[in-house]
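Asker: Using only what follows, build the 3D model:
(chains A and B)
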Amino acid sequence: MTHPQIAAFAREAKENEPPVRTLEGQKTLLSRTMHGFSYDRIHDEIVVNSPLTQAILTFKGSANGEEPPIRVIQGPKTRILGMGYAALSTVTADPEHNEIFLPIGSGGYRGAGTGGPEGVIVFDRMANGDVAPKRILTGPDTQIRSSTPQVAIDPVHNLLVVKSNGLMIFDRAAEGNAKPLRVIRGPKTGGFGGGQIAVYAEKGLILTNSQDGWAMWGIYDDGDVAPRWRIPVKQITGGGQNVGIAVIPKHKEIMIASSLQNRVLTFYFPEMFE
Amino acid sequence: MHKRKLLAVATALVLVVVGLSLVERPVLRERTGYPQLVSVQDLQLDPNWCPPTEQTSPEDSNLFAAFGETSVHAGWQASADTPIITRPPIRTIRDKDPIYSAVAVDTRFDEVILMDNNNWGLRVFNRTDNTPAKAPSTEPKRIIAGPETDIQFNNGLYIDPKNGDIYSVETDTGDKVVVFPRDAKGNMKPARILKTPHRGFALAADEEKDELFVGVQYPPEVAVYRKGASGDDKPLRSLQGESTRLSDVHGVALDTKNRLLYVANWGHVSDYRMPGTGRFEDPSISVYPLGADGDVSPIRTIKGPKTQMDWPAQMTIDTDTGDLYVANDMGHSVLVFKGTDQGDVTPTRVIKGNRTGLANPSGVFVDKKNRELWVSNFGNSSAVVYPLNADGNAAPIRTIRSAPANKVSLKFGKVEALAYDEGRDQIWVPN
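Answerer: Next up, the predicted model:
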């Protein structure tokens, strides 16, 4: 925000341990409000949104310092609207299928918003410059209604999960006014907070912010379903807006970004991986 | 029968009055040594919070159907008996020291105020404090911090030269300027709160006109309020629109002598309602009449590779000399321009180099009384002081450190997302 860097830390970094690399500076084209982004492990790339300029930036995974992106998706053909107050805050890569998913919201938080559609725009991973999306998922039947929807891809079960006013589970290639396959929504869920969303495809789990902690559902859950587990992060640490997530199966850990405390917390969570 | 009812009602009333008289009043509460409920306040909710919907059961509530085709997870229940994992985190990545985003000096009381963007506070030091080389840090005289203060990710800072009031603007969801009296300390409520547009970043004031200028990142704007404004008071005027060439505003400086307004822009441009309007421009400083209102074009613009601007942050101007000082975050430098500069110009002075102590400078302040230049460093938990005519690889005349001399700040500023690189075993953290 003040200094919109992306910093890479050793997974086991401790308090006060500086990052091993930092992407920062004018040439990186980075700006504030990076609320969801992806590391593409297959192509060793980082995909991140640039909300203030209606753009998607792709960097080399080895990028360091004031290194420019290797590709920039931006222009009228992209149909990317900017952020009024909260839209265009996340982007997700699907390296297995060479696609980039950009959730689009009304951006209506504390303002009139973009007036644009709510849904998901999909680009080819190699798209560069002013290019049209491959497909768009939007319309009343999608049930996507949010100022800031977030998405995650399950490449194993070929699913697209959209967090909006509920968790909408679509076929990964859904487009147009497609209906979700399943919708997780209702009082038993405890509700869904803002922030990132993740899928641990190997176990078919969806991880999302809920009640200022994290909760997990299954990809075949449907309707008003309580989560399988819940980590009440705010209750444990006292800090709010615990909105970022990374799943680390090898070490049976999940890492959580606690934005109001400026902290990254690592929880050992073997239950989820067994 | 009627008398019995009256008697019963009267008895009940007496019991209620006596009962209430026995209820402990907060001011009379004695210390017990145990936790007590002392107040109930509204939760500060995530602005993106999606509350649970009213929709109830799905049409197909069959347990096995809901369980799914291949679901293998234990612990799932179709009720609220979800297993709760309450283990504490095994590791935490965080910066334990302050991360300074702004600096200002109260010359009447010889105090310097530093804005801590990491722990959400204001730290007040003696102006002449100088952390010895071997000392780990200098303790502040006072700290203003805590939930009552309403300080969050604050950046802009202004000290009223007449009475020492401290003004600070919040850059994220707080959407407000908070004002404290000069001697504020601890977890205290601001004396005034002014609601401002989302993403306020910079502050300046015109003492002659009694006006407060709030620079807003995006949608870019400079909103001008009465200096004494509070609550929902509306701006007197606002500079905004495509003709202004404002973009991702980070700094505001006022030349009250020549009636000019300077704004530092990062060059991130778009009309969020119009697809395809996004573009990247070079960073710039745009100059306007101080009374500019609406969609007004700049009088002139400083912009181009010779300027060395790289994420230009806060600015201040010496109205005696016309020198404009720019905290140049990624240049690890302070750039000094002439207030009359225009176009792709080389700064008249650049403070930069390994002796300067500069590390991602974000705040800058000219102390005309003592002929000193103050700079706050986002990158090493310090503030450094130079003579006002400093140039080149100049060593500071004093340094206030809140961490050891070799400190490398994590530069966190609202970490909201994560991505894991398994090959390198690294976690990416954006601000």
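Asker: residue contacts, the residue lying closest to B:Arg300 once chain neighbours are set aside?
Answerer: On the basis of Cβ to Cβ, 6 or more residues apart in numbering or on different chains, the spatially nearest residue to B:Arg300 that is not a chain neighbour turns out to be B:Gln342, at 4.1 Å. From N, CA and C alone the C-beta is placed, and that goes for glycine too. For B:Gln342, the contacting residues are B:Arg300, B:Thr301, B:Ile302, taking Cβ atoms under 8 Å, 6 or more residues apart in numbering or on different chains as the criterion.
Asker: Quick check: B:Gln342 vs chain A, distance?
Answerer: B:Gln342 is 21 Å from chain A, where distance means Cβ to the nearest Cβ, to the nearest Å.
Asker: where's that residue relative to A:Val162, distance?
Answerer: Spatial separation of B:Gln342 from A:Val162 under the definition Cβ to Cβ, to the nearest Å is 49 Å.
Asker: just A:Gln261 next, same as before
Answerer: Relative to A:Val162, A:Gln261 is positioned 28 Å away (Cβ to Cβ).
Asker: likewise A:Met1?
Answerer: Distance check for A:Met1 against A:Val162: by Cβ to Cβ, it reads 26 Å.
Asker: picking up where we left off before, compare A:Gln261 and A:Val162 and say which is more crowded by neighbours.
Answerer: Counting neighbours by other Cβ atoms under 10 Å in any protein chain shown for A:Gln261 and for A:Val162 shows that A:Val162 has the greater number, 27 against 24.
Asker: Give me the pLDDT value at the closest residue in space to the more buried one that isn't next to it in sequence.
Answerer: For A:Val162, the nearest residue in space outside its immediate sequence neighbours is A:Met168; the separation is 4.4 Å by Cβ to Cβ, 6+ apart. Looking at A:Met168, its pLDDT stands at 98.
Asker: hang on, A:Met168 packs against A:Ile144?
Answerer: Yes. The pair formed by A:Met168 and A:Ile144 meets the contact definition of Cβ atoms under 8 Å, at 6.3 Å.
Asker: got any residues that touch both of those two?
Answerer: Both A:Met168 and A:Ile144 are in contact with A:Val162, where contact means Cβ under 8 Å, 6+ apart.
Asker: in chain B, which residue is closest to the centre?
Answerer: The central residue of chain B, meaning the one whose C-alpha is nearest the mean C-alpha position (Cα atoms, centre = their mean), is B:Asn154 at 1.1 Å.
Asker: Correction: the previous question concerned chain A.
Answerer: A:Gly36 (3.8 Å).
Asker: which phi and psi does that one have?
Answerer: Here the main-chain torsion angles of A:Gly36 (degrees, to the nearest 10) amount to phi -170, psi 130.
Asker: so who does the residue nearest to it when sequence neighbours are not counted touch?
Answerer: The shortest distance from A:Gly36 to any residue that is not its chain neighbour, by Cβ to Cβ, 6+ apart, is 2.8 Å, and that residue is A:Thr90. Contacts were defined as Cβ under 8 Å, 6+ apart; by that measure A:Thr90 touches A:His35, A:Gly36, A:Phe37, A:Asn49, A:Pro103, A:Thr148, A:Gln150, A:Val151, A:Gln196, B:Ala417.
Asker: at 6 Å instead, please
Answerer: When contacts are counted by Cβ atoms under 6 Å, 6 or more residues apart in numbering or on different chains, A:Thr90 touches A:His35, A:Gly36, A:Pro103, A:Gln150.
Asker: For the first one, what are phi and psi?
Answerer: Same thing as A:His35. phi -100, psi 0.
Asker: burial of it, as a residue count?
Answerer: A count of neighbours around A:His35, defined by other Cβ under 10 Å, yields 26.
Asker: Tell me where the model's unsure across chain B.
Answerer: B:1-80 (pLDDT under 70).
Asker: Tell me where it has helices.
Answerer: Counting by DSSP state H, residue ranges of the helices within chain B are B:2-22, B:63-67.
Asker: Would you mind naming what in the stretch 201-350 of chain B lies close to chain A?
Answerer: For the stretch 201-350 of chain B, the contact set with chain A under Cβ under 6 Å from any Cβ of the partner chain comprises B:218, B:248, B:268, B:270, B:272-273, B:275-276, B:278, B:280, B:283, B:310-311, B:330.
Asker: run the last query once more with 8 Å
Answerer: Along the stretch 201-350 of chain B, the residues adjacent to chain A under the rule Cβ under 8 Å from any Cβ of the partner chain are B:217-219, B:248, B:266-280, B:282-283, B:309-311, B:329-330.
Asker: just the buried members of these?
Answerer: B:217-219, B:248, B:266-270, B:272-273, B:275-278, B:280, B:282-283, B:309-311, B:329-330 (16 or more other Cβ atoms under 10 Å in any protein chain shown).
Asker: OK, contacts around the nearest residue to B:Ala202 once chain neighbours are set aside?
Answerer: Leaving out its chain neighbours, the residue that sits closest to B:Ala202 by Cβ to Cβ, 6+ apart is B:Gly215, at 3.3 Å. Contacts were defined as Cβ under 8 Å, 6+ apart; by that measure B:Gly215 touches B:156, B:200-204, B:221-222, B:249-252, B:263.
Asker: Restricted to strands, list these.
Answerer: Using DSSP state E, the members of the contacts of B:Gly215 that fall within strands are B:156, B:200-204, B:221-222, B:249-252, B:263.
Asker: check which helix or strand covers A:Lys234.
Answerer: Secondary-structure element containing A:Lys234, defined by DSSP states H and E: helix A:233-237.
Asker: How about residues contacting that helix?
Answerer: A:211-214, A:239-240, A:242, A:256, A:258, A:261, A:263, A:265, B:86-89.
Asker: of these, buried ones?
Answerer: With burial judged by 16+ other Cβ under 10 Å, the buried subset of the contacts of helix A:233-237 is A:211-214, A:239-240, A:242, A:256, A:258, A:261, A:263, A:265, B:89.
Asker: Just flag the most distant two among those residues.
Answerer: A:Gln211 and A:Arg263 (18.7 Å; Cβ to Cβ).
Asker: which ones are touching residue 93?
Answerer: Assuming you mean chain A. Residues touching A:Ala93, when contacts are defined by Cβ under 8 Å, 6+ apart, comprise A:Ser38, A:Tyr39, A:Asp40, A:Glu45, A:Val47, A:Glu99, A:Ile100, A:Phe101, A:Arg125.
Asker: wait, I meant chain B there
Answerer: With the criterion set at Cβ under 8 Å, 6+ apart, B:Ile93 makes contact with A:Phe9, A:Ala13, A:Lys14, A:Glu15, A:Glu17, A:Arg263, A:Val264, A:Thr266, B:Leu410, B:Ile427, B:Val429.
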